[in-house]
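1. What would the 3D arrangement of this be:
(one chain, ligands or ions: 1)
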Amino acid sequence: MNSLDQHPLFKPAVLGSHVLRGRLVLPPMASGTADADGQVTAATLAHYDRIVGDRHALAWVEYTGVHAWGRSEPNQTMLSSERHLPGLTDLARLIRAKGALPGIQLTHAGAKTDVDLIGRRPLGASALPVPAHGGDMPAPEPMTAVEIAELFDAFVTAARRAEACGFAAIEIHAAHGYFFNQWLSPLTNQRKDAHGGSPENRRQLLVTLVAELRRVLKPSTLLSVRFPGQDRLPGGMEPEEAAELGRALKAAGMDMLDVSSGLGGWRRGRDQRGEGYLVSDAAFLRREVGLPVIGVGGVSSLEYASEALQEVDFVAVGRAVLENPAWPLAA
Ligand SMILES: Cc1cc2nc3c(=O)[nH]c(=O)nc-3n(C[C@H](O)[C@H](O)[C@H](O)COP(=O)(O)O)c2cc1C
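-> Numbering: from 1, shown residues only. Okay, the predicted model is just below:
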């Protein structure tokens, strides 16, 4: 037996009706390898073949767009049409063949896209720019009820397609300043209708989506939401509100939480990038919500991973694996 087999990261774990070979997760990471139509390419398959290792329990496919107006960058994978199914089916199959559970993250960029890419003014909750990229983002167009309904359907349709592709886990991206983060945060959502004002109103769209996904997807399909433990901006979403959100999502049928950062994006100031820099937010939400959580943020050593597993259920390692796909063997 390899000594790694003894490490808590590689002890089998149960998640819903799935038995995973451990607790190491590949977080969603944009590879920029899709073609201009959002199709998986040979480069996408080669990329995941390189980075999904024989120790991963769960591997997320990068943020994949559900609607043309929510496209985030030109080479982003998309699931906005039936024609995207064959490529993503190949990708799910590749991940499963490597022994990891295949998951996919579904995204809409909302205000965090640009007119050159989508051919129209970006859509958002309110005409307030996302405080990211040095604060030079344009103010989006507040969405109408019809546009909200169209976007809601786009998420539901994409999730059903993801399931048809063979993905066992589906994650809604509600962190890093993307669409749902914009609706959750009081800094970007100042709507006067039923979607704005109280925390309950701001989270209503996301909670309703999770309830609908739980209704239409197979009971065995795992539903995850990646959301911020806090926005870390004055006047932004605070940890207590994130805990309320987690409890509401749990009641709606979410199976696990993937805790990341808020409006400012996943990158952090150099002084705040210690190993496991977001794990304490995940641990807080695990205690408050009572669901399995994935902790992430600068993890690069097995020693730290075993410490983190005393507080969270799964540990995601991103850049260390991109740099060295043999991690943790050469850690
Ligand atoms: C190249 C790259 C692309 C990323 N793309 C995504 C993404 O598509 N969705 C997402 O939620 N996070 C994305 N992230 C953030 C990672 O999932 C992860 O949270 C972050 O890198 C911190 O983990 P690490 O320190 O182990 O790399 C990306 C990170 C990197 C480095």
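2. low-confidence ranges in the stretch 51-200 of the chain?
-> Within the stretch 51-200 of the chain, the ranges that satisfy pLDDT under 70 run 133-135.
3. In it, which residue sits closest to the ligand?
-> Closest contact between the stretch 51-200 of the chain and the ligand, by CB to the nearest ligand atom, is at Tyr63 (3.4 Å). C-betas here are computed from N, CA, C, even on glycine.
4. just the chain next, same as before
-> Nearest residue of the chain to the ligand (CB to the nearest ligand atom) works out as Gly318 at 2.8 Å.
5. For the closest residue to that residue other than its chain neighbours, give me its contacts.
-> Among residues not flanking Gly318 along the chain, Pro27 sits closest, at 4.6 Å (CB to CB, 6 or more residues apart in numbering). Counting by CB atoms under 8 Å, 6 or more residues apart in numbering, Pro27 makes contact with Trp60, Asp258, Ile294, Val296, Ala316, Val317, Gly318.
6. what do you get if the cut-off is 6 Å, keeping everything else the same?
-> Trp60, Val296, Ala316, Gly318 (CB atoms under 6 Å, 6 or more residues apart in numbering).
7. on that earlier part again, wait, a strand at the residue of the stretch 51-200 of the chain closest to the ligand?
-> Yes: assessed with DSSP: H, G, I helix; E, B strand; the rest coil, Tyr63 lies in a strand.
8. how close does it sit to Ile95?
-> Tyr63 is 16 Å from Ile95, where distance means CB to CB, to the nearest Å.
9. Kindly report the residues of the stretch 201-331 of the chain close to the ligand.
-> By the rule CB under 6 Å from any ligand atom, the part of the stretch 201-331 of the chain lying against the ligand is Arg226, Ser260, Trp266, Val296, Gly297, Gly298, Val299, Val317, Gly318, Arg319, Ala320.
10. Wait, a helix at the third one?
-> No: with three-state DSSP as the criterion, Trp266 is assigned coil and is not in a helix.
11. show me what contacts it?
-> Taking CB under 6 Å, 6+ apart, one finds His176, Ser260 in contact with Trp266.
12. That one and Ala46: what is the separation?
-> Applying CB to CB to Trp266 and Ala46 gives a distance of 24 Å.
13. How about Gly290?
-> Applying CB to CB, the value for Gly290 to Ala46 is 40 Å.
14. which of the residues of the stretch 201-331 of the chain next to the ligand count as buried?
-> Arg226, Ser260, Trp266, Val296, Gly297, Gly298, Val299, Val317, Gly318, Ala320 (16 or more other CB atoms under 10 Å).
15. Identify the farthest-apart pair in those residues.
-> Arg226 and Ala320 (19.0 Å; CB to CB).
16. Distance from the helix of greatest length in the chain to the middle of the chain?
-> Assignment by DSSP state H gives helix 145-165 as the longest helix of the chain. Centroid separation for helix 145-165 versus its chain: 16 Å, with CA atoms, centre = their mean, to the nearest Å.
17. from now on call the first residue 137
-> Okay, residue one is now 137; in that scheme the one you just asked about reads as helix 281-301.
18. other SSEs contacting it?
-> The contact analysis (3 or more CB pairs under 6 Å, 6 or more residues apart in numbering; DSSP states H and E) places helix 281-301 against helix 221-233, helix 335-352.
19. the inter-axis angle of that helix versus helix 221-233?
-> 50 degrees (axes from the mean of the first three to the mean of the last three CA atoms, to 10 degrees).
20. What residues of helix 281-301 count as buried?
-> So, applying 16+ other CB under 10 Å, buried residues of helix 281-301: 284, 287, 290-299, 301.
21. One more: stretch 433-443?
-> Buried residues in stretch 433-443 (16+ other CB under 10 Å): Gly433, Gly434, Val435, Ser436, Leu438, Tyr440, Ala441, Glu443.
22. Write out the residues of the stretch 137-286 of the chain neighbouring the ligand.
-> Residues of the stretch 137-286 of the chain lying near the ligand (CB under 6 Å from any ligand atom): Pro163, Pro164, Met165, Ala166, Glu198, Tyr199, Gln241.
23. Can you tell me which of these has the most neighbours?
-> The most neighbours of any of those, using other CB atoms under 10 Å, belong to Gln241, which has 26 neighbours.
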